[in-house]
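J.: here are the coordinates; sequence isn't available:
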């Protein structure tokens, strides 16, 4: 009896007209998610690689440049929006 009542509730939720079904769901690219963050302007930002190890042979100016934030170019932004559709 309990499982029958539960099936009725589930069936009534499937045919609700108030909430449109958003199929197919898009997956966010995992590597992009780990490396990029969306900003308010619609572009993306990331950190430079190579700033935290083997620093003895790097010039101070090079290390300073590696510590800065990198932003996406307009052509990159279009690709990143496809890789991260919900950001």
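T.: Perfect, I can see it now. Worth saying up front: this structure is predicted, and the values here are computed from it rather than measured.
J.: any stretches of this protein with poor pLDDT?
T.: 1-21 (pLDDT under 70).
J.: my guess is residue 61 is in a helix, correct?
T.: Yes - with DSSP: H, G, I helix; E, B strand; the rest coil as the criterion, residue 61 is part of a helix.
J.: any idea how far residue 45 is from it?
T.: 22 Å (CB to CB, to the nearest Å). Heads up, the C-betas are built off the backbone N, CA and C, glycines and all.
J.: pick out whichever of the two has more residues nearby.
T.: Taking other CB atoms under 10 Å, residue 61 and residue 45 do not tie; residue 45 has more neighbours (13 against 8).
J.: just the helices from this protein, written as ranges.
T.: 2-14, 30-35, 60-67, 74-83 (DSSP state H).
J.: gap between stretch 23-32 and the chain center?
T.: When C-alpha coordinates are averaged (CA atoms, centre = their mean, to the nearest Å), stretch 23-32 and its chain have centres 8 Å apart.
J.: now stretch 63-76
T.: Distance, stretch centre to chain centre, for stretch 63-76: 17 Å (CA atoms, centre = their mean).
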